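Student: Sequence first, predicted coordinates after that:
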Amino acid sequence: MNIKCLTLGPLKTNCYIIEVDQGTIIIDPAYNADLIQKEIGNNKILTILITHYHFDHIGALKELETYYHVKAQDFKKIKNMIVIPTKGHSLDSLTFYFPQEKIMFCGDFLFKNTFGRTDLPGGNNKQMLDSLEKISKYPLDTVLYPGHGEKTTLSLELSNFPEYKDYLLK
Ligand SMILES: [Zn+2]
């Protein structure tokens, strides 16, 4: 899988452009529709994936849906992808998992060496704990591509989980 990351907008949100067998997918079209379009060129867009609908992840969504004539979250267009609900940062938080490549796009659920804020509307410590529990069952060498900052691995984050849990249980 070819993965390109554009970091866009004032909150430095990661927009990923990924190539799968059937075409191209945009994950979190944060801002700058023009820049995203330029990066994509003439490639065929299958759908646009949104990890969650916070404003800093969807700034260019409407424009790109119209431009490419696609619907967001059209999951059936993508083979070999599992959608994992990972609430805690927001009620609509999803993680997109590609098991063959062992890659996850996790939005603001997990970052390198930290987890997403739970103090925004829809955020919830208990749900974050449940999501950490859920994600810990996946292969340790899974690479996580978050909504902000650098990529990380599930094994690195699992080593942080005791600390995360302490914080969330307070
Ligand atoms: Zn967010």
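Tutor: Yep, it's here.
Student: C-alpha from now on. contacts and neighbour counts both.
Tutor: OK.
Student: Over to residue 136: give its phi and psi.
Tutor: phi -70, psi -10 (degrees, to the nearest 10).
Student: Secondary structure element for the residue nearest to it when sequence neighbours are not counted, which one?
Tutor: Leaving aside its sequence neighbours, residue 136 sits nearest to residue 158 (Cα to Cα, 6 or more residues apart in numbering; 6.8 Å). According to DSSP states H and E, residue 158 maps onto helix 154-169.
Student: neighbouring contacts of that helix?
Tutor: The contact list for helix 154-169 (Cα atoms under 8 Å, 6 or more residues apart in numbering) reads 112-115, 125-126, 128-129, 132, 136, 139-144.
Student: now do stretch 7-23
Tutor: Applying Cα under 8 Å, 6+ apart, the external contacts of stretch 7-23 come out as 1-6, 24-32, 40, 43-46, 56-57, 78, 146-149.
Student: are any of those buried, and which?
Tutor: Listed as buried from the contacts of stretch 7-23 are 6, 24-32, 40, 45-46, 56-57, 78, 146-148; burial here means 16 or more other Cα atoms under 10 Å.
Student: Quickly list the domain ranges of the chain.
Tutor: 1-79, 80-170 (automatic domain parsing).
Student: Residue 47 and residue 30: what is the separation?
Tutor: 15 Å (Cα to Cα, to the nearest Å).
Student: next one: residue 78
Tutor: Residue 78 is 21 Å from residue 30, by Cα to Cα.
Student: for residue 114, same thing?
Tutor: For residue 114 relative to residue 30 (Cα to Cα), the value is 21 Å.
Student: Please put the alpha-carbon coordinates of the helix holding residue 158 into CSV.
Tutor: The C-alpha coordinates for helix 154-169 follow below in CSV (Å, rounded to 0.1, in the frame of the first residue of the first chain):
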residue,chain,number,x,y,z
LEU,A,154,0.6,-0.9,18.5
SER,A,155,3.4,-2.5,20.6
LEU,A,156,4.8,0.9,21.5
GLU,A,157,1.4,2.1,22.5
LEU,A,158,0.6,-1.1,24.5
SER,A,159,3.7,-0.4,26.6
ASN,A,160,2.1,3.0,27.5
PHE,A,161,-1.3,1.5,28.2
PRO,A,162,-0.8,1.1,32.0
GLU,A,163,0.0,4.8,32.2
TYR,A,164,-2.9,5.7,30.0
LYS,A,165,-5.2,3.6,32.2
ASP,A,166,-4.0,5.1,35.4
TYR,A,167,-4.8,8.5,34.0
LEU,A,168,-8.2,7.5,32.7
LEU,A,169,-9.3,5.8,35.9
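Student: mind giving me a markdown table with the domains of the chain and columns for mean pLDDT?
Tutor: Listed next are the domains of the chain as a markdown table, based on pLDDT from 0 to 100:
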| stretch | mean pLDDT |
| --- | --- |
| domain 1-79 | 97 |
| domain 80-170 | 97 |
